[in-house]
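Trainee: Please find the sequence and the predicted model below.
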Amino acid sequence: TPEQLAATVTGGPDAPVWSEHDALLVRFADELHDTSHVSDALWDALAAHWTQPQLLELLLVVGWYHAIAFLLNGFRVEREDWAAVFPA
């Protein structure tokens with residue numbers, strides 16, 4: 001939803017727009033982005049909802065996102081005109 005999209009920038013994992021399940025994914029993405037690590041407590045919470053192969057896929061999705069962002073930023077690819085602009 002538009003509210004969830006905005007919450008990825010301004011609301012964080014505790015925003016009321018997230019289900020408990022989705023809030024775990026936001027925490028995961030934020031923690032991995034901020035620290036390049038997933039704490040044991042968060043990993044245990046994630047493992048209660050996803051299998052090991054699914055957790056590996058989640059790690060890869062975050063890693064690919066970073067790789068693609070680095071390439072696009074490095075080559076100075078301009079964002080699409082239709083893309084939402086969020087505060088830095």
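Mentor: Good, I have the coordinates.
Trainee: okay, CA-based contacts and neighbour counts for the rest of this
Mentor: Fine.
Trainee: Show me which residues of the lengthiest helix in the chain are buried.
Mentor: Using DSSP state H to assign secondary structure, the helix with the most residues in the chain is helix 52-74. Within helix 52-74, the residues that count as buried by 16 or more other CA atoms under 10 Å are 58, 63.
Trainee: same for it, what does it pack against?
Mentor: Using 3 or more CA pairs under 8 Å, 6 or more residues apart in numbering; DSSP states H and E, the elements in contact with helix 52-74 are helix 20-35.
Trainee: how many degrees apart are the helix it packs on and helix 52-74 in direction?
Mentor: Here the directions of helix 20-35 and helix 52-74 differ by 50 degrees (axes from the mean of the first three to the mean of the last three CA atoms, to 10 degrees).
Trainee: Give me the buried positions along the helix or strand just after helix 20-35.
Mentor: Counting by DSSP states H and E, the next helix or strand C-terminal to helix 20-35 is helix 40-47. Neighbour-count burial for helix 40-47, counted by 16+ other CA under 10 Å, picks out Leu46.
Trainee: ok, the most centrally placed residue in the chain to Glu80 distance?
Mentor: Central residue of the chain (CA atoms, centre = their mean): Ala29, 3.4 Å from the mean position. Distance, Ala29 to Glu80, by CA to CA, to the nearest Å: 23 Å.
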